[in-house]
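# Kindly return the folded structure for what I paste below:
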Amino acid sequence: MSQNKQSDTTESLSVSVSHALNKNFKLSFDVVLPLTGITAISGPSGSGKTSLLRLIAGLLPLANNHSNAKVIYRGQTWQDASTHLACHKRKIGYVFQQANLFTHLTVKQNLIYAQKRAVNPPLIGLLQVCELLNITQLLKQKANRLSGGEAQRVALARMLLNSPELILMDEPLAALDDEHKQVILGYLKQIYQKFKIPIYYVTHSVSEISQIADYVVQLKQGKVINHGPAHVELNPILWRQKQKVSVLQASLQESLDKWHLYKLNLYGQTIYVNNSVKLEQNLTIRIRIPARDVSLLLTNATDSSILNQVKALITFIKPCNKYGQTLVGLNLQNNDKQTHMVAEITALSVERLKLMPGMQVWAQVKSVSVE
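From the prediction side, this is the model:
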């Protein structure tokens, strides 16, 4: 995606830099990032993800250093050739891979320390943040007695008590197991929904990105190679994984309690999912559909037990492994501008149905397969 600047500077953060950090690595990009939702910053090791975060935070002072570095937040210059706003004046909450708590203090003492140093009016009280992150029972414990998951929840609470306007997170879940990762990811979504503080989240994990990201930035060798809304930028990344899935956006139309289903609006078409997760009316939600659970029909089947059948145009057909499995790109809006979903089928099925790009088909997926 092109790195076009957004017109509304009050809801964006502009980062422009051209600087060699050492003889082997140079940061070189000019990008405008949103200040809404959760922005995932991804890329291989050494691509510049942490350097981008440190530049935004003011921990990478390049001003007056023969570099071209500029950071503009909501129209305010944080950094340029003659300016470098101190880190503590940027009103940022920074969560590192390690919790970095004061290990000689109790959890409560760590939180009070942060609360006293907040530069903005409080977002939330100490007891309320403990309830939000389920750490009330930990208040009297010394920080060095906490598990990894507990320490990161305390770090999140401490950050919120600092009343930040922007949250930066540098691979905060890297040291946690999958179970604790899911817990913390759930809390991150709650934090944004409750406080509407934009979050910039650095991670290697495609799974984490697919669960929480509203916007995706991809870096490689110090350059931004793609950035845009998650439902646009994320799918090509997911389709390169071994277990291929598609992430789509839908909204709740109706709750069919009698059948334990939700009826969703998916790009103007209807799709049904299990109602195991509570949803609100007209809420925009994210659904994940495994490519292997999508089958294709040439006509709309009325005698099938599979409820979900959506009309689509084929945008591409390409082999995905040496065993004859084939990826078929599907546009659910019936135009050729964008692929929303992929089906993984056999090469024999492609030949039998005489499938080709531009052809209209019906994509079929079981309700139980939609996450």
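# residue ranges with poor pLDDT in the stretch 1-150 of the chain?
For the stretch 1-150 of the chain, the stretches with pLDDT under 70 are 1-9, 62-67.
# 90 - rerun?
Applying pLDDT under 90 to the stretch 1-150 of the chain flags the ranges 1-12, 16-29, 42-48, 58-70, 79-91, 95-103, 114-125, 143-144, 146-149.
# Okay, helices next: where are they in it?
Applying DSSP state H, counting those that start in this stretch to the stretch 1-150 of the chain gives helices spanning 49-57, 107-116, 126-132, 148-161.
# Please identify the deepest-packed of these.
helix 148-161 (a mean of 23; mean count of other C-beta atoms under 10 Å). C-beta coordinates here come from the backbone N, C-alpha and C atoms, glycine included.
# How far off centre is that one?
20 Å (C-alpha atoms, centre = their mean, to the nearest Å).
# now that helix and helix 107-116, what's the angle there?
30 degrees (axes from the mean of the first three to the mean of the last three C-alpha atoms, to 10 degrees).
# related to what we said a few turns ago, Serialize the helices of the stretch 1-150 of the chain to TSV and add fields for distance to residue 17.
Output for these, formatted as TSV (distance: least, C-beta to C-beta, whole Å):
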stretch	distance to residue 17
helix 49-57	6
helix 107-116	30
helix 126-132	34
helix 148-161	25
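# For residue 72, find the nearest of the ones you listed.
Among those, helix 49-57 comes nearest to residue 72, with 10.7 Å by C-beta to C-beta.
# by contact count, what packs against that closest one?
strand 12-22, strand 25-34, strand 38-42, strand 68-73, strand 92-95, strand 166-170, strand 199-202, strand 215-220 (3 or more C-beta pairs under 8 Å, 6 or more residues apart in numbering; DSSP states H and E).
# cutoff 7 Å now
Here helix 49-57 touches strand 12-22, strand 68-73, strand 166-170, strand 199-202, going by 3 or more C-beta pairs under 7 Å, 6 or more residues apart in numbering; DSSP states H and E.
# Please tell me I have it right and residue 37 contacts residue 215.
Yes: using C-beta atoms under 7 Å, residue 37 is in contact with residue 215, at 6.0 Å.
# of the helices of the stretch 1-150 of the chain, which approaches residue 223 most closely?
Using C-beta to C-beta, these put helix 49-57 closest to residue 223, at 10.8 Å.
# about what we covered before: now render the helices and strands packed on helix 49-57 as TSV, adding distance to residue 326 and mean neighbour count.
Output for these, formatted as TSV (distance: least, C-beta to C-beta, whole Å; neighbours: other C-beta atoms under 10 Å):
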stretch	distance to residue 326	mean neighbour count
strand 12-22	40	17
strand 68-73	45	20
strand 166-170	38	23
strand 199-202	34	24
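# Let's have those in a markdown table, adding distance to residue 98.
Formatted as a markdown table, those follow (distance: least, C-beta to C-beta, whole Å):
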| stretch | distance to residue 98 |
| --- | --- |
| strand 12-22 | 22 |
| strand 68-73 | 25 |
| strand 166-170 | 10 |
| strand 199-202 | 14 |
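# Of all these, which one is nearest residue 141?
strand 166-170 (23.5 Å).
# How many residues are close by the closest residue in space to residue 347 that isn't next to it in sequence?
Nearest non-adjacent residue to residue 347, counting by C-beta to C-beta, 6 or more residues apart in numbering: residue 324, 4.4 Å away. When neighbours are defined as other C-beta atoms under 10 Å, residue 324 has 13 of them.
# Pull the contacting residues for the closest residue to residue 170 other than its chain neighbours.
Leaving aside its chain neighbours, residue 170 sits nearest to residue 202 (4.8 Å; criterion: C-beta to C-beta, 6+ apart). By C-beta atoms under 7 Å, 6 or more residues apart in numbering, the contact set of residue 202 is 41, 49-50, 53, 169-171.
# Repeat the analysis, applying 8 Å as the threshold.
Neighbour list for residue 202: 40-42, 49-50, 52-53, 169-171 [criterion: C-beta atoms under 8 Å, 6 or more residues apart in numbering].
# cool, and residue 308?
271-272, 364-367, 370 are the contacts of residue 308 under C-beta under 8 Å, 6+ apart.
# looking at it, residue 29 is touching residue 225, isn't it?
No: if you go by C-beta atoms under 8 Å, residue 29 and residue 225 don't touch, sitting 9.0 Å apart.
# residues shared between the contacts of these two?
Residues within reach of residue 29 and of residue 225 at once, by C-beta under 8 Å, 6+ apart, are residue 219.
# For the residue positioned nearest the centre of the chain, give me the pLDDT.
Centrality entry for the chain: nearest residue to the mean C-alpha point is residue 213, 1.5 Å, by C-alpha atoms, centre = their mean. Looking at residue 213, its pLDDT is 87.
# Please report the distance of residue 321 from residue 344.
9 Å (C-beta to C-beta, to the nearest Å).
# ok, these two, which is more surrounded?
Counted by other C-beta under 10 Å, residue 321 and residue 344 do not tie: residue 344 has more neighbours, with 20 against 10.
# thinking again about what came up before, looking at strand pairing, list the partners for the residue nearest to residue 170.
residue 41, residue 170 (DSSP bridges).
# separation between it and residue 120?
24 Å.
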